[in-house]
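[1] okay, predicted coordinates and the sequence, questions at the end:
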Amino acid sequence: MSHLLEIEHLAVSFRQYDRGLRRRTVTPVESMDLRVDGGELVALVGESGAGKTLLGEAVLGMLPPNAKVAGTVRFRDEELTVARRRRLAGREMVMLPQSVTYLDPTATVGRQVRRAFQLADRPAGGDAVREALAERGLGPEVLAQYPHQLSGGMARRVLLTMALAGRPSLIFADEPTPGLDQDSVRAIFGELREIADSGCAVVAVSHDLDAVIGVADRVVVCQGGRTVETLAPERFGAGTAQHPYSRALWAALPAHGFHAEEQR
């Protein structure tokens, strides 16, 4: 069975220089697997440094020149070559970045959203931009505001509006909720769930485990640059996962007293 995006044994390594001209290779992602279809929201969870963000950057071709990618990545059942990534990234496949610093502090929201529409070959008139922002719960007054005048939740909705400008088939949402209050966290994940329900494939990287498993179709657990388990959210939520690391993640949630189970 083919999938919109299918990743098998993805590895990412970086060539670095240490102590002058001594060269070394670092491999933070060793073997990661993931599949997602249109209409699905897949949660990608695990400790910091597990390789979750690198997976998305590898798929979209956002890694630096000293990176080497191995493994198989297919999009719509065709290998995702470098040339194909360049054609699809920013249109069919987009990244919803973690930091709101991706917004230009010197440009108004209206100017930045219009630019995103132009890059996506969509009409960028005032009505189209206002309607797109209104779909994310933002009023027309936001058009004339600068990023520093927005709350964290508003800034993330602007980023989401820009990411959706090209009507993508696949969204990587990289930690979309850090620093937000619980109401805003639920609202953001609710929006991502609605986007998936509209037919888009969504991969959500998050440390907000309680929130993301509440909207996910599947949970992919990563540790040390490897995929250790893929399971239904109800199994993760019940703490009945098979892999010890998955159970330890669940046990370490605040609601469970930050209790870290010993991994056997």
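    Thanks, I have the structure now.
[2] now the spatially closest residue to residue 218 that is not a sequence neighbour. Its backbone dihedrals?
    Among residues not flanking residue 218 along the chain, residue 42 sits closest, at 5.1 Å (C-beta to C-beta, 6 or more residues apart in numbering). Every C-beta, even on glycine, is put in place using the N, C-alpha and C of the backbone. The phi/psi pair for residue 42 (degrees, to the nearest 10) reads phi -110, psi 130.
[3] dump the residue contacts of residue 42.
    Residue 42 sits next to 34-36, 201-204, 216-220 when contact means C-beta atoms under 8 Å, 6 or more residues apart in numbering.
[4] could I get the pLDDT score of it?
    Looking at residue 42, its pLDDT reads 97.
[5] for residue 184, see how far away it is.
    22 Å (C-beta to C-beta, to the nearest Å).
[6] can you give me the strands in the stretch 51-200 of the chain?
    With strands called from DSSP state E, counting those that start in this stretch, the stretch 51-200 of the chain shows them at 67-75, 78-79, 93-96, 170-174.
[7] dump these to JSON lines, plus distance to residue 232 and mean pLDDT.
    Listed next are those as JSON lines, based on distance: least, C-beta to C-beta, whole Å; pLDDT from 0 to 100:
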{"stretch": "strand 67-75", "distance to residue 232": "24", "mean pLDDT": "95"}
{"stretch": "strand 78-79", "distance to residue 232": "29", "mean pLDDT": "94"}
{"stretch": "strand 93-96", "distance to residue 232": "24", "mean pLDDT": "93"}
{"stretch": "strand 170-174", "distance to residue 232": "20", "mean pLDDT": "95"}
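[8] okay, these in JSON lines with mean neighbour count and distance to residue 160 next?
    Converted to JSON lines, these look like this (neighbours: other C-beta atoms under 10 Å; distance: least, C-beta to C-beta, whole Å):
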{"stretch": "strand 67-75", "mean neighbour count": "16", "distance to residue 160": "22"}
{"stretch": "strand 78-79", "mean neighbour count": "9", "distance to residue 160": "28"}
{"stretch": "strand 93-96", "mean neighbour count": "25", "distance to residue 160": "6"}
{"stretch": "strand 170-174", "mean neighbour count": "25", "distance to residue 160": "8"}
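[9] quick one: those as CSV, columns for distance to residue 23 too.
    What follows is the strands of the stretch 51-200 of the chain, written out as CSV (distance: least, C-beta to C-beta, whole Å):
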stretch, distance to residue 23
strand 67-75, 13
strand 78-79, 29
strand 93-96, 30
strand 170-174, 29
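[10] so which of the ones you listed comes closest to residue 147?
    strand 93-96 (15.6 Å; C-beta to C-beta).
[11] can you give me the neighbour number for residue 48?
    A count of neighbours around residue 48, defined by other C-beta atoms under 10 Å, yields 8.
[12] assign it to helix, strand or coil.
    Recorded secondary structure, residue 48: coil (DSSP: H, G, I helix; E, B strand; the rest coil).
[13] ok, it - contacts?
    By C-beta under 8 Å, 6+ apart, residue 48 lies in contact with residue 207.
[14] against residue 63, how distant is it?
    For residue 48, the distance to residue 63 equals 18 Å [C-beta to C-beta].
[15] pLDDT weak spots in this protein?
    Where the chain drops to pLDDT under 70, the residues are 1-2, 20, 239, 255-264.
[16] centroid residue for it?
    residue 173 (2.4 Å; C-alpha atoms, centre = their mean).
[17] tell me who's in contact with that residue.
    So residue 173 contacts 96, 192, 202-206 (C-beta under 8 Å, 6+ apart).
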